[in-house]
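*Asks:* Need coordinates for the following:
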Amino acid sequence: MREFSIFEKSSANGGIYAMLIVNRLQLLYFALMLPMYLIHSYMIWGIIVMGILSQINLTLLSKWFSSDTSPKDYHGFVQLFGERTVRMFALVGWVLILVKITVITLSYVEVIHYFVFPSMNIYWLILFAFSISCYLAVTGMEKVIRFVVITFLASFWIILFFVPFFIPPVASLYDLYPLIPTNWSMDSWKGLLFIWSALSGPEYLVCLLPWLDKGPKLFRYVFAANALSVLEYVIIFAAALFFYGSNYLSKSEFPVVNMIRYLESPVFERIDMILISFNLFHFVFVAAIFILFFYGATRIMLGKQDKPPTRTGFYASCMFICLCLLIANVSFWQEGIEHSIGLILEVCLSALSYLLVPAILVVAGKLKGRV
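*Replies:* Numbering: from 1, shown residues only. A predicted model of the protein is given here:
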């Protein structure tokens with residue numbers, strides 16, 4: 001039987017792959033629903049400010065990557081933190097990744113069910129979407145990383161759909177007022193938290209260390225990816241303001257998809273279906289790479305990181321995730337409270353991980369350097 005080598009490495013991937021991975025991780029499904037959580041036009045500045053803070057956070061991460069204490073594999077992390085601490089981190093990451101996969105999958109399936117297949121049993125949609133992700137994940141980490149090129153080419157051009165919303169009579173500068181807040185509410189703070197969480201994802205580059213080329217230009221690409229993500233979010237939010245206005249933006253559950261439905265084309269009747277279909281590439285890539293992270297964390301928790309990966313272990317991890325998806329859908333997703341439980345939990349955990357991971361790594365590296 002052929003060896004099951006999903007974590008093998010034949011060559012290091014350059015900075016362009018890191019750039020595309022970070023950009024796609026930062027967009028995710030947040031791009032489809034971000035406007036409804038920001039509402040006020042002055043939150044455009046919130047996106048820009050959070051983008052600047054994200055660049056500062058990435059600067060910390062880049063210093064750690066370029067330092068002498070930056071590990072190259074699992075054993076390097078053991079030397080930096082100790083084996084027991086690494087297993088504890090693996091457990092925390094295991095929970096974070098499981099929550100992320102669950103929310104990403106159910107959110108995307110909900111969009112498909114709502115706009116494309118409303119009469120289809122949602123459980124079949126969950127199994128179909130997750131099965132495609134598992135199919136990509138089983139090809140191995142190297143191929144999943146390279147698949148990001150296809151993902152980017154298949155989904156980045158969707159931003160062009162928003163150009164018509166910047167052209168009069170749809171666009172009016174009055175919809176962008178006020179750009180300076182007259183009052184600051186708790187919803188505004190929640191909006192900033194949502195933006196910070198949306199920009200999370202670069203911290204998972206730590207899990208890809210063995211497959212990335214840690215050259216001096218690596219984080220130039222990562223900085224460019226963050227700036228590109230901020231630009232895309234600003235364009236999407238501004239287009240939503242032009243189309244809905246601040247007063248009606250919060251009324252739509254999926255404002256971005258509903259906007260696209262109003263576009264007319266002489267070739268395609270439902271442009272929104274094109275948006276959702278090509279977003280499948282984006283979803284499959286992100287879900288596949290997190291499935292591999294989940295399996296890797298499971299191996300570390302069980303102390304099997306030095307043993308070859310097995311098909312049994314990988315498929316068992318996939319079945320466990322699938323079971324969690326079905327349980328989450330049955331327990332609360334169908335009751336219409338997903339935005340108060342699942343999404344908010346994922347937003348808070350992602351924001352926290354993006355804030356703490358670079359800081360912990362830099363502090364650990366400094367302390368290690370003094371020993």
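*Asks:* Pull out the buried positions in the longest helix along the chain.
*Replies:* Counting residues, the longest helix in the chain under DSSP state H turns out to be helix 83-115. By 16 or more other C-beta atoms under 10 Å, the buried positions in helix 83-115 come out as 86-87, 89-90, 93-94, 96-113, 115. Placement of C-beta: from N, CA and C, glycine included.
*Asks:* Then stretch 133-148?
*Replies:* Across stretch 133-148, burial judged by 16+ other C-beta under 10 Å covers Ser133, Cys134, Leu136, Ala137, Val138, Gly140, Met141, Glu142, Val144, Ile145, Phe147, Val148.
*Asks:* would you list every one of the helices in this protein?
*Replies:* Counting by DSSP H, the helices of the chain are 15-27, 30-38, 43-66, 74-81, 83-115, 122-137, 141-155, 186-198, 218-244, 246-249, 255-261, 271-301, 311-331, 342-370.
*Asks:* I'd like these written out as TSV, with distance to Leu205 added.
*Replies:* Shown next, in TSV, are the helices of the chain (distance: least, C-beta to C-beta, whole Å):
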stretch	distance to Leu205
helix 15-27	6
helix 30-38	19
helix 43-66	7
helix 74-81	14
helix 83-115	13
helix 122-137	18
helix 141-155	11
helix 186-198	17
helix 218-244	7
helix 246-249	33
helix 255-261	27
helix 271-301	11
helix 311-331	22
helix 342-370	10
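*Asks:* Out of these, which is closest to Val163?
*Replies:* Nearest to Val163, of all the helices of the chain, is helix 218-244, at 8.4 Å by C-beta to C-beta.
*Asks:* which strands and helices sit next to the closest one?
*Replies:* Counting contacts by 3 or more C-beta pairs under 8 Å, 6 or more residues apart in numbering; DSSP states H and E, helix 218-244 packs against helix 15-27, helix 30-38, helix 43-66, helix 255-261.
*Asks:* worst average pLDDT in the ones you listed?
*Replies:* Among the helices and strands packed on helix 218-244, helix 30-38 has the lowest mean pLDDT, at a mean of 77.
*Asks:* by contact count, what packs against that one?
*Replies:* If contacts are counted by 3+ C-beta pairs under 8 Å, 6+ apart, helix 30-38 sits against helix 186-198, helix 218-244, helix 246-249, helix 255-261.
*Asks:* That one relative to helix 271-301, how many degrees between them?
*Replies:* Here helix 30-38 runs at an angle of 100 degrees relative to helix 271-301 (axes from the mean of the first three to the mean of the last three C-alpha atoms, to 10 degrees).
*Asks:* so helix 30-38 versus helix 186-198, what angle?
*Replies:* Angle of helix 30-38 versus helix 186-198, following the same axes, to 10 degrees, is 160 degrees.
*Asks:* How confident was the prediction at Arg2?
*Replies:* On pLDDT, Arg2 comes in at 61.
*Asks:* And for the helix or strand bottoming out on mean pLDDT in the chain, what's in contact with it?
*Replies:* Sorting the helices and strands of the chain by mean pLDDT, DSSP states H and E puts helix 30-38 at the bottom, at a mean of 77. Contacting residues not belonging to helix 30-38 are listed as 46-47, 107, 111, 190-191, 194-195, 197-198, 232-233, 236-237, 240-241, 244, 249-250, 252-257, 279 [C-beta atoms under 8 Å, 6 or more residues apart in numbering].
*Asks:* what's near enough to touch Leu292?
*Replies:* So Leu292 contacts Ile6, Phe7, Ala137, Met141, Val144 (C-beta under 8 Å, 6+ apart).
*Asks:* which one of the helices and strands packed on helix 30-38 lies closest to Phe320?
*Replies:* Closest approach to Phe320 among the helices and strands packed on helix 30-38 (C-beta to C-beta): helix 186-198, 25.1 Å.
*Asks:* chain center to that closest one, what's the gap?
*Replies:* 16 Å (C-alpha atoms, centre = their mean, to the nearest Å).
*Asks:* now that helix: mean pLDDT?
*Replies:* Helix 186-198 comes out with an average pLDDT of 89.
*Asks:* what comes into contact with that helix?
*Replies:* With contacts defined as C-beta under 8 Å, 6+ apart, helix 186-198 is touched by 26, 28, 30, 34, 37-40, 43, 46-47, 49-50, 53-54, 181, 233, 346-348, 350-351, 354-355.
*Asks:* Check what pLDDT Glu264 gets.
*Replies:* You'll see Glu264 listed with a pLDDT of 73.
*Asks:* Could you measure from it over to Arg270?
*Replies:* Distance, Glu264 to Arg270, by C-beta to C-beta, to the nearest Å: 11 Å.
*Asks:* When these two are compared, which one has more neighbours?
*Replies:* Using other C-beta atoms under 10 Å as the criterion, Glu264 and Arg270 rank with Arg270 on top: 15 against 8.
*Asks:* Can you tell me the closest non-neighbouring residue to the more buried one?
*Replies:* Leaving aside its sequence neighbours, Arg270 sits nearest to Arg261 (C-beta to C-beta, 6 or more residues apart in numbering; 7.3 Å).
*Asks:* Does that neighbour touch Asp272 like I think?
*Replies:* Yes - using C-beta atoms under 8 Å, Arg261 is in contact with Asp272, at 4.5 Å.
*Asks:* where do the contact lists of these two overlap?
*Replies:* Shared contacts of Arg261 and Asp272 (C-beta under 8 Å, 6+ apart): Phe115.
*Asks:* So which of the two has more stuff around it?
*Replies:* Neighbour count, other C-beta under 10 Å: between Arg261 and Asp272, Asp272 has more, with 21 against 13.
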